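*Asks:* Coordinates only, no sequence provided:
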C-alpha cells in the first residue's frame, strides 16, 4: 500500500499508482494530491485490518509526514519500531554500534551547547538534528572558532526551520554530535523482501564542492557508480537487515566508503527513497525501470543486463538549495530558463516554493562522461545569477 502525503507526489508515482491500481491509503492530503477517480483508495479502518491480516505486507510512503499515522495506527506491529530505529539517529547509532564499537556519538540539548567541553569532542565533528531531513540544521565543526559561530547559527536555524516539516520528519529539540565520517558518500535505495533478502533498486554518488561542504546540491549515478559499489553495498545491507530484522521494508540508506573500502552508515530513511520523489525518479531516468513498481511487486532488477545495454552517461539530480545568503523576503524571482540553459540535457525541472521549503527546485540532467564541467559549475554556484531581488 502507498501512503501519499505532502509536500509532493511525482508524475511517475501518480502514474504507477493508477496503472497498477496499487492500494492507496485514503486521507485528506491524499485526496488533494491524487485524482479523485481512478485510484484504488483504501479507507483507514480497512487499511489497518488488511495490514493486521497480512493482506497488505509492504508500505511505501511518498513523504515522512506519514510516519505519525503509522506510529498511531499500526502500533500492534513491529513496523513503528523499525521506522523509529532509522528516524532517531541516536537509536540508529546504538543499533549499529556492534559493527562500529569505537565510533563517537552523543545526544545533546541545543539549549545546553554552552555546557559542552569542546576539548573533549572529536575533531572534526558533525552536529545535526536527531530527527532530520535533507541537510537542514547540519553543520561540520572544524575548529573552536567555527564551533562558537555554529552554536549561534543552530539556535537561529531552529527557529526558522522548526515549522517547515512535521516533528516526525524534522525535530530540532534534540541534536546529535558524532565524529566526522571520512570517505566518498553514497545513497542506496534498497528493498528487503518477505524473507529479509535485500535488493538494490538505485544508487547515487553524493558529490561535494570541498571538504567543508555538507549540502545536498549534487547527486549522480552511472554504470560506474553501480558496478564499483554493488557487491560491497549488498554485503552491508545483509548485515544491516539482520541486525534490525527488516522484512517488506523499503529503505533509503546514506553511507560513506573510506579509502580502505570500509562502509560507515550515516543514516537510513525508512519506507521511502529520496525525499520529494527524487532518487526513484533518477533511477527511472537513468536505468529505465520503475522502483515503485518493483517494490510493490517484489521484483528485482537484472543489473547485469541493464548496465550492459547502458549508454554510459551520468544522470544527476541538482538540488537548488538557497545558499545565496539572501533571505526569502529579499528574493523577487528565480530565472529557471536561464538555469536550464546551463545544462546540456535537462530531463525534468521542478519548481519549489523557496520561501516555504528553503529550496528553489530540482534539476534532473543527463551528462556525457566528458562533460562533468556543467555539474561542477552548479556544485560551486551560489545561484545568485538566477535570482532577482
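*Replies:* Looks like it came in fine. Note that this is a predicted model, so its numbers are computed, not measured. Residues are numbered from 1 along each chain as shown.

*Asks:* Now the most centrally placed residue in the chain: closest residue in space, sequence neighbours ignored.
*Replies:* Computing the C-alpha centroid of the chain and ranking residues by C-alpha atoms, centre = their mean puts residue 274 first, at 3.8 Å. Excluding the flanking residues, the one nearest residue 274 by C-beta to C-beta, 6 or more residues apart in numbering is residue 252, at 5.9 Å. Any C-beta I mention is one placed from the backbone N, CA and C, and that applies to glycine too.

*Asks:* Am I right that the one you found is in a helix?
*Replies:* No. Counting by DSSP: H, G, I helix; E, B strand; the rest coil, residue 252 is located in no helix; its state is strand.

*Asks:* residue ranges of the helices in the stretch 251-389 of the chain, please?
*Replies:* Here the stretch 251-389 of the chain has its helices, by DSSP state H, counting those that start in this stretch, at 279-287, 291-297, 303-308, 336-340, 354-357, 373-380.

*Asks:* quick revisit: gap between the residue nearest to the centre of the chain and residue 129?
*Replies:* Counting by C-beta to C-beta, to the nearest Å, the separation of residue 274 from residue 129 is 18 Å.

*Asks:* Repeat that for residue 389.
*Replies:* Taken as C-beta to C-beta, the span from residue 389 to residue 129 is 30 Å.

*Asks:* neighbour-wise, which of these two wins?
*Replies:* Each of residue 389 and residue 129 has its neighbours counted (other C-beta atoms under 10 Å); residue 129 has more, 23 against 9.

*Asks:* name the element that one belongs to?
*Replies:* strand 125-131 (DSSP states H and E).

*Asks:* counting contacts, what elements does that strand pack onto?
*Replies:* Applying 3 or more C-beta pairs under 8 Å, 6 or more residues apart in numbering; DSSP states H and E, we find strand 125-131 packed against helix 89-96, strand 139-141, strand 171-179.

*Asks:* and if we set it to 6 Å?
*Replies:* strand 139-141, strand 171-179 (3 or more C-beta pairs under 6 Å, 6 or more residues apart in numbering; DSSP states H and E).

*Asks:* now for the ones you listed, which one comes closest to residue 9?
*Replies:* Closest of the helices and strands packed on strand 125-131 to residue 9 is strand 171-179, at 23.6 Å (criterion: C-beta to C-beta).

*Asks:* Report the rounded mean pLDDT for the closest one.
*Replies:* Strand 171-179 comes out with an average pLDDT of 78.

*Asks:* Also stretch 240-255?
*Replies:* 97.

*Asks:* Can you list the buried residues in it?
*Replies:* Neighbour counts over stretch 240-255 (16 or more other C-beta atoms under 10 Å) mark 240-241, 244, 246-255 as buried.

*Asks:* Export those residues as CSV, with columns for distance to residue 44.
*Replies:* Output for the buried residues of stretch 240-255, formatted as CSV (distance: C-beta to C-beta, whole Å):
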residue, distance to residue 44
240, 31
241, 29
244, 27
246, 25
247, 23
248, 20
249, 21
250, 21
251, 25
252, 25
253, 30
254, 32
255, 35
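
*Asks:* nearest to residue 19, of those?
*Replies:* Nearest to residue 19 among these, with distances taken as C-beta to C-beta, is residue 250, at 19.0 Å.

*Asks:* Starting from residue 176, give me the distance back to the closest one.
*Replies:* Taking C-beta to C-beta, one finds residue 250 at 24 Å from residue 176.

*Asks:* Residue ranges in the stretch 51-200 of the chain under the pLDDT threshold?
*Replies:* 131-136, 158-173 (pLDDT under 70).

*Asks:* which residues of it fall in strands?
*Replies:* 60-61, 105-108, 125-131, 139-141, 171-179, 184-192, 198-207 (DSSP state E, counting those that start in this stretch).

*Asks:* can you redo those strands as a markdown table with distance to residue 8?
*Replies:* Below are these laid out as a markdown table (distance: least, C-beta to C-beta, whole Å):
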| stretch | distance to residue 8 |
| --- | --- |
| strand 60-61 | 12 |
| strand 105-108 | 31 |
| strand 125-131 | 20 |
| strand 139-141 | 26 |
| strand 171-179 | 21 |
| strand 184-192 | 17 |
| strand 198-207 | 18 |
